[in-house]
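what follows is a predicted structure for the sequence shown.
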Amino acid sequence: MSTSKLSDILSQLQKSSSSPPQKITSLLSSAKRELLTLDALLPRPTTPSPILLLARQTLETGALLSIRLQQPDAFTRYYQQLLPFYELPDSSYQTSTNDLKSQRSKVTGLYLLLLLTKGDYAGFHTVLEGLEVEQAGKGKGLEGDEFISYPVKLERWLMEGSYDRVWAATKRDGVPSEEFGVFSEVLIGTIRDEIASCSEKAYPSLPIANAKNLLFLESEGSVVSFAHGRGWVVKDGRIYFPQQQDDMRTEKEILVASGQVIENTIGYARELETIV
């Protein structure tokens, strides 16, 4: 059973990061057809080791390219297809080459990050707990894995309301690889909406200049566009939040409820220029 055609396609895919999306998509489709021809989309006890290794490499490459193409649904499908390969013992991949299984932590870390952007914290912890059990069985931990520890830190900061730390970590020099940077805007969008919701309840109005830093926006024009999108009123250099008719709490109660988020982000806004 010849694997030369799939090997050739895989080689092209691994060099295609700067190719047009149409070409990458076409190559990925061809790779899947070859995997079907080789009966290698799922690992079987009779599947030869070289084919198992080639199939796993192909699916991992497809997963990473799907992230670059900003196709999270396709990435999720690749991740699900890879799980049976990751469950195999290392002895199934008899090879004298370098440990190519290192792509597993990158793919898994990206999947954890994708779950965060969707707000699927239950799914996030289910995957993470499975990894922790597996690593504990090997006498290892996850702390030293940069691809896994990155989304773990982000999730903890999100739960703490430390949005400034998340914002800083999603900048180019804070991500463990280029693929992780694709999620930057999605995460910042999530953070921005959280801060906006808290600000609506904590303040009657804010100066546009303060809101720019508070919401991690690049310009005052961006603030105005964002404000209009949420139905806020912009007048005389300030943003006026709509009255919360169904919320009759006192100012003290409101500030206590949203204080953690506002305190973290306001403190960060004062020091924003030193970070940027």
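Good, I have the coordinates.

mind telling me what element the most centrally placed residue in the chain is part of?
To find the centre residue of the chain, average its C-alpha atoms and take the closest one (CA atoms, centre = their mean): that gives residue 113, at 3.1 Å. Under the criterion of DSSP states H and E, residue 113 resides in helix 103-117.

next one: residue 70
Using DSSP H and E, residue 70 sits in no helix or strand.

heads up, I number from 314, so please use that
Let's use 314 as the start, then, which means that last one is residue 383.

measure residue 534 to residue 518 for me?
19 Å (CB to CB, to the nearest Å). The C-beta positions use only the backbone N, C-alpha and C, and glycine is treated the same way.

quick one: which of those two has more around it?
residue 518 (15 against 11; other CB atoms under 10 Å).

how about that one, what does it touch?
With CB atoms under 8 Å, 6 or more residues apart in numbering as the criterion, the residues that contact residue 518 are 551-554.

closest to residue 370 out of the residues you listed?
For residue 370, the closest of the contacts of residue 518 turns out to be residue 552, at 51.1 Å, with distances computed as CB to CB.

among the contacts of residue 518, name the buried ones.
Neighbour-count burial within these applies to 551-552, 554; the criterion is 16 or more other CB atoms under 10 Å.

just the closest of those residues to residue 432, please.
Nearest to residue 432 among the buried ones among the contacts of residue 518 is residue 554, at 23.4 Å by CB to CB.

name the secondary structure element that contains the residue nearest to residue 428 when sequence neighbours are not counted.
Once its chain neighbours are removed from consideration, residue 428 has its nearest residue in residue 437; the separation is 4.3 Å (CB to CB, 6 or more residues apart in numbering). Residue 437 is part of helix 434-450, with elements assigned from DSSP H and E.

for the stretch 414-563 of the chain, which segments count as strands?
518-520, 546-548, 551-553 (DSSP state E, counting those that start in this stretch).

name the helices or strands packed onto the last one?
Packing partners of strand 551-553 (3 or more CB pairs under 8 Å, 6 or more residues apart in numbering; DSSP states H and E): strand 518-520, helix 521-527, strand 546-548.

quick one: mean pLDDT for stretch 521-529?
Summarised as a single mean, pLDDT over stretch 521-529 is 89.

and that stretch, which residues are buried?
Along stretch 521-529, these residues count as buried under the neighbour rule (16+ other CB under 10 Å): 521, 523-529.

then stretch 426-440?
By neighbour count with 16+ other CB under 10 Å, stretch 426-440 contains the buried residues 426-430, 437, 440.

and the end-to-end length of that stretch?
According to CA to CA, to the nearest Å, stretch 426-440 extends 11 Å from its N-terminal end residue to its C-terminal end residue.

against residue 502, how distant is the residue nearest to the centre of the chain?
When CB to CB is the yardstick, residue 426 and residue 502 sit 14 Å from each other.

likewise for residue 370?
33 Å.

looking at the two, which has the bigger crowd around it?
Just comparing residue 370 and residue 502: by other CB under 10 Å the higher neighbour count belongs to residue 370, 19 against 12.

quick check: that one vs residue 484, distance?
Distance check for residue 370 against residue 484: by CB to CB, it reads 31 Å.

can you put the helices and strands packed on strand 551-553 in CSV and add distance to residue 444?
Rendered in CSV, the data for these read as follows (distance: least, CB to CB, whole Å):
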stretch, distance to residue 444
strand 518-520, 41
helix 521-527, 35
strand 546-548, 46
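
buried residues of the helix or strand that contains residue 338, list them for me.
Residue 338 is located in helix 334-350, with elements delineated by DSSP H and E. By 16+ other CB under 10 Å, the buried positions in helix 334-350 come out as 337-338, 340-341, 343-345, 347-348.

after that helix, which helix or strand is next?
Past helix 334-350, heading to the C-terminal end, the next element that is a helix or strand (DSSP H and E) is helix 362-381.
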